[in-house]
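A.B. asks: need coordinates for the below:
(chains A and B)
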Amino acid sequence: MIQKKVCMIGSFGVGKTSLVARFVRSIFSEKYHTTVGVKIDKKVVEVGEKQVTLVLWDIAGEDALTTVRASQLRGASGYILVVDGQRRATYETAFDLQRRVGEAIGSVPFLCVLNKSDLRERWEVTEDDVEALRQSGWPVLFSSAKTGEGVEDVFQELATAILKIPNVKDDRANEATPRGI
Amino acid sequence: MSKTTEPTKQLREAFEDVAKLTAAVGLVIFERTPQGKFTLVSPPPDWFRNLVPNVQTGSVVSVLEAFPALDAFLPEAETVWNCKTREAASELVSDLWSEVQTSGEELHFRAHALKADGRNWLLLELATSLYRERQLVLQYAHDVALQNDTIVRLNLEVERATQAKSDFLATMSHEIRTPLNVILGMAELMAETQLTEEQQKYVGTFQRAGSNLLTLINDILDLSKVESGSLKLESENFDLFEVAGSAIELVQVKAREKGIAATHEIAPGTPRYLRGDSLRLRQVLLNLLGNSLKFTHQGSVRLRVEPEPDAPDAGIVRFTIQDTGIGIAKDQLPNVFQSFTQADSSITRKYGGTGLGLAISKKLVEAMGGLIWVESTFGEGSTFFFTARFGLGQAPAVALPATNETQASALGARLRILVADDSEDNRFLISSYLKLLPYQLDFAENGVIALEKLRSGTYDLALVDVHMPEMDGYEVARSVRDHESRGNNKTLPLIALTADAYPSVIEKSVAAGFNAHLTKPIRKQTLLEAIARHARVPELRDVTITDESYSRASLASGYLKSSRKKAAEIVAAIGSENFDAIRTTGHNMKGTGTAYGFPRLTELGGRIEQSAMEKDAGAVRTAVYDLIAYLDQITLEEDLQPKAPFGSIPRVSIKNSLRSLAPMFIERLRTSSPVLQDAIKHSDFPAIRVFGHNLKGNGANFGFPVLSELGDRLESAALRNELGPMEAIVGELRQYLDFVVIEYE
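C.D. replies: Numbering: from 1, shown residues only, chains lettered A, B, ... in the order given. Below you'll find the model as predicted:
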């Protein structure tokens, strides 16, 4: 079976681990547990008639003590940039992260997820902000790990995008700029 | 591997010991072969067999498949294993990572790459406690960061709410001030009409209530401005002695009424010329002096100004306001400077007030870099102290004499004024204020009409409301300025009218090109002063004195009346040796006399000011006697040559005791004659009768027998319910009022 490495990227506390837990095991915990280092999880998804095992690298969120390292990203076929809609700072960090990830692994499919859509009324990220993301060519999805809303779509869309690129590793070398799905 | 294939018994025992140990500490050891394979050399513990089934010591394990996270570590580990030097064992440790089991259980690991005795080793360590430890530290850091985020967000929300409150208050102030403007203005006009004693009482009551309401609105606005940080302090040169002196002077009137002494002293060494916000300083002084005065029933209120002892710089000044009032109980002292708090709620009932004055003072003092505090003994009095930090300023250049423009305006040459306001009430109010003055008024009810008129007509001044339909006042001002800059036209003085008192609104007016900004409710005096100050000198038209002479006379007569009052105040102040008050009065007279057409008053004011500064009571006395003599000599009809329809001008001689009141009587009659006309129009005979009766009596009292007779005729006709003769009587009255000249004996 095909295996694809997918990295979860974003500031701390945006819900990367919760998205994976919801996606892989359909569970959600209100309690926040900081991820240390990397957490590896796997799930098989079907894209058309193909089955693909997504090896999910849930990388510790960026904070004052932790930065995402190139060695953790190596070999990734795609990545998910997670933003907490309630904290505008995580939206701003996403731009920097996307640039650094692009520099480290080149242009692979990615998408940006605005998480915690169940708390929309408390969001600091505005419609204009979302539009700005779309304008810069980023695919943007909304999700709630708590309710499960949009979570399947996130991984399914990324898996689909990854499989549309037959030889990711070969292509990657030839591409200069990062690109979304 | 060959070296491990035939272990000696000793070695085997040693390995078994290691195996027990490694299993106990959760270690799995692989040897990395020269071919890059990983051979398990330690006995596999249960957790490992769960992850990698069917392994035993000696198995070659595909570690990357079992532990994908090693993908990030192994390339780095190769640098250790490929190291050729035979130095002491070198080691590389991986980051922690976690593997999630199908069950959802998480295992936490750390990998070590070792090189020892030329052989390469990979150790997998089950690092549960280390992981928990790190997680706790990070989690704590994240919780703190999230809490900080929350605090920042809440602060932002509070800021937004405060801003919303300010906006709300600004809007409300507009909404409240506009009708209040009309109410107060109408009350002022009504008070000038002929009223019965009862009516005067009613009008007086709603004037006072209106003023109180206005004060309250202003206080609330002030407080909200300070709280929202939108209060901007000015930094201008000012005369500290003048500010302190004039503050005391303002409260002296009230103090005299209560029989209390209000005095001030300025300590030697106090810097006189400072830089700062003198208006705000005056506001604090008036708040504190007013407060002390309110709670003092006998004795004195004293203001002392001195340099702050041991202050690091010379601009820090201490103000002390000491009273002999009711004092404040010790347990109430901490509440004194809080909003809406008077020391005791029963005080509010007895003394009135909003309790905002001291709260505002505190905020203002703090904004001025100072401190405010109070010491008090219950029943004996209170002493309020405050300090404020100012820059050192410069003595002003010699005061400029009034310019020709102000003279011309004040003398009432026929100015053409455009009033642009969408509110009919406001247009009416302004026209009521100005109707007795020789101004030619024109009106516009929106910005578009205003602009058309300003472009096609010639005006000496325009009063423009900033909130108007079609085109707002700012746009009008910008268009006018734009037009002027292109056409090389003379600059038209523009005065903005608005109910918003916020500095940002004033800044917006200035930016749009307005020369001045009047905040509603606009008082008559403020409006007249603004017009006098800003109106353009009319070109030499209408110079010949016409029937407006009376308005000129009435403006001048009001001024002369106040000058007489000032002369009396100066005489009283000589007795109490209050040279500061005398100096201020003299200074004011010097500045205004010429503008009202009395250069002699400017000269005398200057003499009084100078003598007061020298504390020369004798010289002040001489000057004041000269002033009184001059005021007694003046006859108002000097140089006035009105045209008379009767062939001769009615001239009236007035008794000395009533001379100062006669012009006001005539002026009030002029204002109230529309009331009479209205009563006639509605056949309101009782009202006509009262009017006639009063006119009969007052006409005789003030020395106008013709008016007295007209009053008698009115009263009689009204008693008979006859409308027939009214028209003729009103016509005569109007003509008389238009052309009467007052002569003093």
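
A.B. asks: max-length strand in chain B?
C.D. replies: Longest among the strand segments of chain B by residue count, using DSSP state E, is strand B:106-116.

A.B. asks: can you tell me the centre-most residue of the chain?
C.D. replies: Using chain A here. A:I80 (1.3 Å; C-alpha atoms, centre = their mean).

A.B. asks: my bad, the chain I had in mind was chain B
C.D. replies: B:D222 (5.1 Å).

A.B. asks: who are the packing partners of the helix or strand harbouring it?
C.D. replies: Assigned by DSSP states H and E, B:D222 falls within helix B:197-227. If you count contacts as 3 or more C-beta pairs under 8 Å, 6 or more residues apart in numbering or on different chains; DSSP states H and E, helix B:197-227 packs onto helix B:128-191, helix B:357-367. C-beta: built from backbone N, CA, C; applies to glycine.

A.B. asks: residues contacting B:R110?
C.D. replies: Neighbouring residues of B:R110 by C-beta atoms under 8 Å, 6 or more residues apart in numbering or on different chains: B:93-97, B:124-125, B:127, B:130.

A.B. asks: now the buried members of those residues.
C.D. replies: For the contacts of B:R110, a neighbour count by 16 or more other C-beta atoms under 10 Å in any protein chain shown gives the buried set as B:94-97, B:124-125, B:127.

A.B. asks: buried set for stretch B:315-330?
C.D. replies: B:315-328.

A.B. asks: tell me how many other residues crowd the nearest residue to B:R478 once chain neighbours are set aside.
C.D. replies: Distances taken as C-beta to C-beta, 6 or more residues apart in numbering or on different chains put B:A512 closest to B:R478, at 5.3 Å, once the chain neighbours are dropped. B:A512 has 21 neighbours, counted by other C-beta atoms under 10 Å in any protein chain shown.

A.B. asks: partners of the helix or strand in which A:Y79 is found, with directions?
C.D. replies: Using DSSP H and E, A:Y79 sits within strand A:78-84. The strands that strand A:78-84 pairs with in its sheet are strand A:2-10 (parallel), strand A:110-115 (parallel) (by DSSP bridges).

A.B. asks: chain neighbours aside, what residue packs nearest to B:I628?
C.D. replies: According to C-beta to C-beta, 6+ apart, the nearest residue to B:I628 is B:A567 (5.2 Å).

A.B. asks: ok, that neighbour - how many residues close by?
C.D. replies: Other residues close to B:A567 by other C-beta under 10 Å number 22.

A.B. asks: tell me the mean pLDDT for the strand or helix carrying it?
C.D. replies: Of the helices and strands defined by DSSP H and E, B:A567 is found in helix B:549-575. Taken as a whole, helix B:549-575 has an average pLDDT of 68.

A.B. asks: can you list contacts of the longest helix anywhere in chain A?
C.D. replies: In chain A, taking DSSP state H as the definition, the longest helix is helix A:88-105. Residues from elsewhere that reach helix A:88-105 (C-beta under 8 Å, 6+ apart): A:7, A:9-11, A:13-14, A:62, A:68, A:70, A:73-76, A:79, A:81, A:83-84, A:110, A:112, A:124-125, A:129, A:138, A:172, A:177-178, B:149.

A.B. asks: okay, now residue 106: neighbour count?
C.D. replies: Picking chain A for this. 19.

A.B. asks: oops, wrong one, chain B.
C.D. replies: Using other C-beta under 10 Å, B:E106 is surrounded by 16 other residues.

A.B. asks: also B:L303?
C.D. replies: 23.

A.B. asks: that one - nearest residue in space that isn't next to it in sequence?
C.D. replies: Leaving aside its sequence neighbours, B:L303 sits nearest to B:H264 (C-beta to C-beta, 6+ apart; 3.9 Å).

A.B. asks: and whatever helix or strand that neighbour lives in, which strands flank it?
C.D. replies: Here B:H264, judged by DSSP H and E, is contained in strand B:261-266. Using DSSP bridges, strand B:261-266 pairs in its sheet with strand B:300-307 (parallel).

A.B. asks: residues touching the helix or strand following the strand it pairs with, excluding its own?
C.D. replies: Downstream of strand B:300-307, the next assigned helix or strand under DSSP H and E is strand B:316-323. Strand B:316-323 has contacts (C-beta under 8 Å, 6+ apart) with B:240, B:244, B:270-271, B:274, B:284-285, B:288-289, B:292-293, B:295-296, B:299-309, B:370, B:381-390.

A.B. asks: isn't B:L723 right up against B:I680?
C.D. replies: Yes - using C-beta atoms under 8 Å, B:L723 is in contact with B:I680, at 6.9 Å.

A.B. asks: and those two? Which one has more around it.
C.D. replies: The neighbour comparison of B:L723 against B:I680 (other C-beta under 10 Å) goes to B:I680, with 21 against 14.

A.B. asks: quick one: which helix or strand includes the more buried one?
C.D. replies: Using DSSP H and E, B:I680 falls within helix B:662-681.

A.B. asks: and that helix, average pLDDT?
C.D. replies: In this model, helix B:662-681 has a mean pLDDT of 76.

A.B. asks: that helix packs against which elements?
C.D. replies: Other elements packing on helix B:662-681 under the criterion 3+ C-beta pairs under 8 Å, 6+ apart are helix B:549-575, helix B:685-702, helix B:726-739, strand B:741-744.

A.B. asks: and chain A, which residues reach chain B?
C.D. replies: Residues of chain A lying close to chain B (C-beta under 8 Å from any C-beta of the partner chain) are A:5, A:12-13, A:24-25, A:27, A:32-41, A:55, A:57, A:60, A:63-66, A:69, A:71-72, A:74-75, A:87, A:89, A:124.

A.B. asks: of those residues, which belong to helices?
C.D. replies: A:24-25, A:71-72, A:89.

A.B. asks: can you say which two of those are spatially most distant?
C.D. replies: Using C-beta to C-beta, these span at most 29.2 Å, a distance reached by A:R25 and A:A89.

A.B. asks: what strand or helix carries the closest residue to A:V24 other than its chain neighbours?
C.D. replies: Nearest residue to A:V24 in three dimensions, chain neighbours excluded: A:K43, at 4.6 Å (C-beta to C-beta, 6+ apart). A:K43 belongs to strand A:38-47 when assigned by DSSP H and E.

A.B. asks: now do that strand: which elements does it pack against?
C.D. replies: Partner elements for strand A:38-47 (3+ C-beta pairs under 8 Å, 6+ apart): helix A:16-25, strand A:50-59, helix A:151-164, strand B:97-100.

A.B. asks: can I get it in PDB, CA atoms only?
C.D. replies: Output of strand A:38-47 as PDB, limited to C-alpha atoms (Å, rounded to 0.1, in the frame of the first residue of the first chain):
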ATOM      1  CA  VAL A  38       6.600  14.600  17.100                       C
ATOM      2  CA  LYS A  39       3.600  12.300  17.400                       C
ATOM      3  CA  ILE A  40       3.100   9.700  14.700                       C
ATOM      4  CA  ASP A  41      -0.300   8.300  13.800                       C
ATOM      5  CA  LYS A  42      -1.600   6.500  10.700                       C
ATOM      6  CA  LYS A  43      -4.800   6.200   8.900                       C
ATOM      7  CA  VAL A  44      -5.800   4.600   5.600                       C
ATOM      8  CA  VAL A  45      -7.900   6.700   3.200                       C
ATOM      9  CA  GLU A  46      -9.400   5.900  -0.100                       C
ATOM     10  CA  VAL A  47      -8.800   8.200  -3.000                       C
END
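
A.B. asks: give me the distance between the two termini of stretch B:490-506.
C.D. replies: Length of stretch B:490-506, first residue to last, C-alpha to C-alpha, to the nearest Å: 23 Å.
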